[in-house]
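Peer 1: Need coordinates for the below:
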Amino acid sequence: MGKQLGTFRAFFMVAVCCTGSFLFAYDTGIIGGVLTLDSFQKDFGYSSKQKTTVNSNANSLLQAGAFFACFFTWPFTARFGRRWSIALAAFIFCIGGILQVINTGHIAAFYVARVVSGVGVGMATVMVPMFSAEMAPKNIRGQLGSMFQFFFTVGVMTSY
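Peer 2: The predicted structure follows:
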């Protein structure tokens, strides 16, 4: 019973950590549809001519935030550990998500929120696979390591 319980706990822990991967993919997939809504365009003050530019900027800024987060994650992780780094990444992503839905009337504020969300996502993308591999028993390490990509794929599928 002890080995089975330990295996279950390892799978559960990785599944909880990988929800960030699901949210990253879902956010990336769903944003294109949200940006085309007339109500969103009116609330954030951009014209139909700017749809393509806004859409590409929104996706690019999330990716840019994620890219740059990879560089400053390491000092925090070295000092406070992987678990707290994942918690910080989730917190930053939530702050970015909240900022994205606040109607400011300016698309620039939305762009800033996308960068903030990207920072949280980038931190999680670095830390979750590493944490999963370190915490996993060696006989299921590969399975647990691949769960990050599986959750990402399910997130994209769900968004479509």
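
Peer 1: residues of the one helix or strand residue 152 maps to that come out buried?
Peer 2: Residue 152 is part of helix 141-159 when elements are defined by DSSP states H and E. For helix 141-159, a neighbour-count test (16 or more other CB atoms under 10 Å) marks 144-145, 147-148, 151-152, 155, 159 as buried. The way it works is simple: take the backbone N, C-alpha and C, and place the C-beta from them, glycine included.

Peer 1: likewise stretch 38-56?
Peer 2: Quick answer for stretch 38-56 (16+ other CB under 10 Å): 40-41, 43-44, 46, 54-55.

Peer 1: And the helix holding residue 152, what does it pack against?
Peer 2: Counting contacts by 3 or more CB pairs under 8 Å, 6 or more residues apart in numbering; DSSP states H and E, helix 141-159 packs against helix 2-17, helix 19-35, helix 107-135.

Peer 1: which residues touch residue 115?
Peer 2: 61-62, 64-65, 96 (CB atoms under 8 Å, 6 or more residues apart in numbering).

Peer 1: Using CSV, write out the CA atom coordinates for stretch 48-59.
Peer 2: Taking Å, rounded to 0.1, in the frame of the first residue of the first chain, the C-alpha atoms of stretch 48-59 are listed here in CSV:
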residue,chain,number,x,y,z
SER,A,48,-11.8,47.2,-36.2
LYS,A,49,-8.8,48.2,-38.3
GLN,A,50,-6.5,47.5,-35.3
LYS,A,51,-7.9,44.0,-34.6
THR,A,52,-4.9,42.2,-36.2
THR,A,53,-2.3,44.4,-34.5
VAL,A,54,-4.0,44.1,-31.1
ASN,A,55,-4.2,40.3,-31.5
SER,A,56,-0.6,39.8,-32.5
ASN,A,57,0.6,42.2,-29.8
ALA,A,58,-1.5,40.5,-27.1
ASN,A,59,0.0,37.1,-27.9
